[in-house]
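[1] let's see this in three dimensions:
(chains A and B)
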Amino acid sequence: MELGTLIDSQRVRCGVDVTSKKRSLELLSELLTDDLDAASTRTIFEGLTLRERLGSTGLGHGVALPHSRGASIETPRAAVIRLDKPIDFDAVDKEPVDLIFALLVPESSNDEHLRILARLAEMFRDTAFCARLRACRSNTDLYGSLIEWQSQNTG
Amino acid sequence: MLDWLPPLVLIGAALVVVSVLTSLLAFRIGAPLLLFFLAIGLVAGEDGLGVIYNDWSGAYLIGSIALAIILFDAGFGTKTRYFKKAAAPAITLATLGVVLTTALVGAAAYWLFDLSWPYAFLLGAIISSTDAAAVFYLLRVGGITLRERVRATLGVESGSNDPIAIFLVTALVELISLQAGFAGFTQELLLGFALQMGLGIALGVAGGFLLVRLLNAIELEAALYPILVIAAALLLFAVTSQFGGSGFIAVYVAGLIAGNRPVPHVTALRRLQDGMTWLAQILMFLVLGLLATPSEFPAVLLPAIGLALFLMFFARPLAVGVCLLPFGFSAKEVTFIGWVGLRGAVSILLAILPFLGGLDSAQAFFNVAFIMVLTSLLVQGWTIKPVAQRLGLIVPERLGPVEKIELELPGTAHHELVVYHVMPGSPIVGGARLPRWARPALVLRDGRSMHFRKAGHLQPDDYLYIFMAPQYASALDHLFAGDSVQEAERRAFFGDFAIAPDAPIRALVDVYGATLDQHDNRTDTSTVGGYLKDRLQRPEPGDRLRLGSVELIVRAVDSRDQVTEVGLSFD
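    Numbering: from 1, shown residues only, chains lettered A, B, ... in the order given. Sure thing, here's the model as predicted:
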């Protein structure tokens, strides 16, 4: 999996301030659809929220991986935010979340969608990696750390 | 007068002491402990240190009594719930499986050793049963957490197949010594089988209930209960055998019944029984080791090892595969159950029977059986854990409190008292805080209790007592867990994502394109938890259900078999 093709440096935000799960998903929807219209943003937000109803995408230890399919895009894309103040995300371990990675895939690509999700979830099992992301102080820093993981593990 | 007494006691006691002490060494190098006991017997025996022991019927007597105690204890420690879960596959393995193994190994022995058919089958029957002592020991002490159904199947199988193997061997020895043909024998064989099993089960049930009533009716000095129980088990064994039933089946069934009903002083009972079972295992293996004459082994060594390999890699896996076909085990589980076909003392014990029956070449039989058991213990006993790991069958241990006590409080303030063991390297040691809703009460440190506020920072190996509301059930678990490697393993096993058990199952189709089983029209309205319960019948942690491209994994169930936590995996 190419993390570099998934994440655009414009869709990475370090040290943002949101107060609720809903607000964080709204922000991520905006980031994911920064090149699209407001209607798409709304649809993506609804898609992410719908998925949360099936069970929180909080993976535990302060990390969440919300995801959805989107009609208006052609290739998978992701947005990442790191919060200064952790928020409640209804995660199984009830721990507040401060690292959120949102994934959006095209409507048609089912198996690819799942393959990417599986790899991302695996990536966040690495506690050292999560600690590195948490230590980042700027957007470029965070983007760099994310890309680094990919190059370390596929090289 | 009596000058033979000190040396006899000296040798006997020294052997037991050495055996017990070697357990330390065995744990360290991970070798099967029972192999050590057998080896100590061999080393002390006539080709080693020169302890001459040639009392075959004495050895058989000791072995039978030891086996009766082991089987009673095995039954006693098997929960009914556990037994029910595995009864059908395990009993198929214990009956059909034993017969199949006998036939296959018999056929191979016919070619390898150039035996006549009755003798070949006799050899097959001798090593046809898996050893309860070996299997229980390896599963219990080996630190292997298996899926409950696999574990239960192996346990129940090894407990119930000995009597059938014993019956087959006795019947074949009789057939050979009477020079009767197979044809006239079949009917008698079946009748004998029915009598042995029927009487064994009937007397076992009756004996079990009688024992429970007796224990509850009388008031004894506490220390006398275990003695009464063990003596009663042996009494039952003897009575059943006397009337032509299988005494081994009887004690197993009686143990199963007594162990699942309330009896007084059950802790004391368990403790003494544990000790007795160990002693029985040590004695049985020691005596059989002493009985053998290793200097005669080379004569049959190669074909015996060949037969053992045939058993391990062909006969047992095939028999297991056939027997488990209707029970919906995964291919990996069948492979594992096939591999845990440990032979043990029972096979060596059975190899004494041809000797007692006065058959020629009985000594060779004994030697072949002995070598086969050694090979099986060495190869299979030593590799069980790696094999289970390789097959991905080890269920990571769940995190969680060591104890949970439900409190009945007045009003609606539902609270539980949970006890956590603080692991080294856990977040709580690193300074993580307890959430506000958790009410820590007491810290146990080095065996002393102290107030939470006065205990300062929690330290590894502290025990923390916390009052909390049940709805936060597992929310604290991660705070006390150590080792992030285990955590990653757990996630890999139970799925990264959690799915709410009360979410509609249709949502999985909408979000992930999962494919559901369409026969059931209730599917449209059922919840994820309900769907899992329907499809898996008795779900247990670690059960997986593939729905097209996604897989649901049961993470936890409650006491009424309802699924309470579900994981989702895409691999």
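
[2] every contact and neighbour count from this point should use C-alpha atoms.
    Fine.

[3] what helices and strands are in contact with the top helix by length along chain B?
    If you go by DSSP state H, chain B has its longest helix at helix B:182-217. Here helix B:182-217 touches helix B:148-178, helix B:224-242, helix B:247-259, going by 3 or more C-alpha pairs under 8 Å, 6 or more residues apart in numbering or on different chains; DSSP states H and E.

[4] and the second one with helix B:247-259, angle?
    To tie it back to what came earlier, the one meant is helix B:224-242. Calculated by axes from the mean of the first three to the mean of the last three C-alpha atoms, to 10 degrees, helix B:224-242 forms an angle of 150 degrees with helix B:247-259.

[5] residues from chain A in reach of chain B?
    Counting by C-alpha under 8 Å from any C-alpha of the partner chain, the residues of chain A close to chain B are A:51, A:53-59, A:68-69, A:92-95, A:110-111, A:114-115, A:117-118, A:121-122, A:125-127.

[6] now restrict those to buried residues only.
    With burial judged by 16 or more other C-alpha atoms under 10 Å in any protein chain shown, the buried subset of the residues of chain A next to chain B is A:51, A:54-59, A:68-69, A:92-95, A:110, A:114, A:117-118, A:121, A:125.

[7] any idea where the strands of chain A begin and end?
    Counting by DSSP state E, chain A has strands at residues A:7-16, A:58-60, A:63-64, A:67-70, A:77-87, A:97-106.

[8] over to chain B?
    For chain B, the strands defined by DSSP E occupy B:403-407, B:415-421, B:439-445, B:448-451, B:463-468, B:497-499, B:544-547, B:550-557, B:563-569.

[9] output the below-cut-off pLDDT ranges for chain A.
    Residues of chain A meeting the criterion pLDDT under 70: A:1-2, A:109, A:150-155.

[10] now residue B:321: closest residue in space, sequence neighbours ignored.
    residue B:334 (6.3 Å; C-alpha to C-alpha, 6 or more residues apart in numbering or on different chains).

[11] residue contacts, that neighbour?
    The contact partners of residue B:334, taken as C-alpha atoms under 8 Å, 6 or more residues apart in numbering or on different chains, are B:317, B:320-321, B:324.

[12] one more: residue B:129?
    Residue B:129 sits in contact with B:94, B:98, B:158, B:161-162, B:164-165, B:343, B:346-347, where contact means C-alpha under 8 Å, 6+ apart.

[13] distance to chain A and neighbour count for these - can I get that in TSV?
    Below are the contacts of residue B:129 laid out as TSV (distance: C-alpha to the nearest C-alpha, whole Å; neighbours: other C-alpha atoms under 10 Å in any protein chain shown):
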residue	distance to chain A	neighbour count
B:94	41	27
B:98	44	26
B:158	39	29
B:161	44	27
B:162	46	27
B:164	48	24
B:165	49	26
B:343	41	31
B:346	47	28
B:347	47	25
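
[14] in a markdown table: these, plus pLDDT.
    Shown next, in a markdown table, are these (pLDDT from 0 to 100):
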| residue | pLDDT |
| --- | --- |
| B:94 | 90 |
| B:98 | 93 |
| B:158 | 85 |
| B:161 | 86 |
| B:162 | 85 |
| B:164 | 86 |
| B:165 | 89 |
| B:343 | 88 |
| B:346 | 86 |
| B:347 | 89 |
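
[15] what angle do the longest helix of chain B and helix B:224-242 make?
    Between helix B:182-217 and helix B:224-242, the angle formed by their directions is 160 degrees, by the same axes, to 10 degrees.

[16] okay if I get the contacts of residue B:129 as a markdown table plus distance to residue B:379?
    Shown next, in a markdown table, are those (distance: C-alpha to C-alpha, whole Å):
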| residue | distance to residue B:379 |
| --- | --- |
| B:94 | 22 |
| B:98 | 21 |
| B:158 | 18 |
| B:161 | 21 |
| B:162 | 21 |
| B:164 | 25 |
| B:165 | 22 |
| B:343 | 11 |
| B:346 | 18 |
| B:347 | 16 |
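
[17] looking at those residues, which is nearest residue A:146?
    residue B:158 (52.4 Å; C-alpha to C-alpha).

[18] sorry, back to before: how far away is the residue nearest to residue B:321 from chain A?
    According to C-alpha to the nearest C-alpha, to the nearest Å, residue B:334 and chain A sit 28 Å apart.

[19] show me what contacts residue A:125?
    B:488, B:491.

[20] now do the phi/psi pair for it.
    phi -70, psi -20 (degrees, to the nearest 10).

[21] gap between it and residue B:226?
    Using C-alpha to C-alpha, to the nearest Å, we find residue A:125 at a distance of 50 Å from residue B:226.

[22] name the residues linked to the closest residue to residue A:65 other than its chain neighbours by a beta bridge.
    Counting by C-alpha to C-alpha, 6+ apart, residue A:65 lies nearest to residue A:101, which is 4.9 Å off, once chain neighbours are set aside. Under DSSP bridges, the beta-bridge partners of residue A:101 are residue A:80.

[23] most tightly surrounded among the helices and strands packed on helix B:182-217?
    Most buried of the helices and strands packed on helix B:182-217 by mean neighbour count (mean count of other C-alpha atoms under 10 Å in any protein chain shown) is helix B:247-259; its value is a mean of 30.

[24] put the alpha carbons of it into CSV.
    Taking Å, rounded to 0.1, in the frame of the first residue of the first chain, the C-alpha atoms of helix B:247-259 are listed here in CSV:
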residue,chain,number,x,y,z
GLY,B,247,-14.3,-49.8,35.5
PHE,B,248,-12.4,-47.1,33.8
ILE,B,249,-15.6,-45.7,32.1
ALA,B,250,-17.4,-46.0,35.4
VAL,B,251,-14.9,-43.9,37.3
TYR,B,252,-14.7,-41.3,34.6
VAL,B,253,-18.5,-40.9,34.5
ALA,B,254,-18.8,-40.9,38.3
GLY,B,255,-16.1,-38.2,38.4
LEU,B,256,-18.0,-36.2,35.8
ILE,B,257,-21.2,-36.4,37.9
ALA,B,258,-19.6,-35.7,41.3
GLY,B,259,-17.5,-32.9,40.0
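
[25] what's that helix packed up against?
    Judged by 3+ C-alpha pairs under 8 Å, 6+ apart, helix B:247-259 is in contact with helix B:56-76, helix B:148-178, helix B:182-217, helix B:224-242.

[26] turn the helices and strands packed on helix B:182-217 into TSV, columns for distance to residue A:33.
    Formatted as TSV, those follow (distance: least, C-alpha to C-alpha, whole Å):
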stretch	distance to residue A:33
helix B:148-178	48
helix B:224-242	73
helix B:247-259	64
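
[27] residue B:351 is nearest to which of these?
    The minimum distance between residue B:351 and the helices and strands packed on helix B:182-217 falls on helix B:148-178, with 8.7 Å, by C-alpha to C-alpha.

[28] spatially nearest residue to residue B:262 (excluding sequence neighbours)?
    Spatially, and ignoring its direct neighbours in sequence, residue B:262 is nearest to residue B:212 (7.8 Å; C-alpha to C-alpha, 6+ apart).

[29] repeat for residue A:96
    Residue A:96 sits nearest to residue A:88 (C-alpha to C-alpha, 6+ apart), 4.5 Å away.

[30] is it true that the one you found touches residue A:95?
    Yes - the criterion here is C-alpha atoms under 8 Å, and residue A:88 meets it with residue A:95 at 7.1 Å.

[31] so what sits against both of those two?
    Common contact partners of residue A:88 and residue A:95 (C-alpha under 8 Å, 6+ apart): none.

[32] which residues touch stretch A:44-57?
    Residues from elsewhere that reach stretch A:44-57 (C-alpha under 8 Å, 6+ apart): A:25-26, A:29, A:64-70, A:89-92, B:497-500, B:503-504, B:507-508, B:511.
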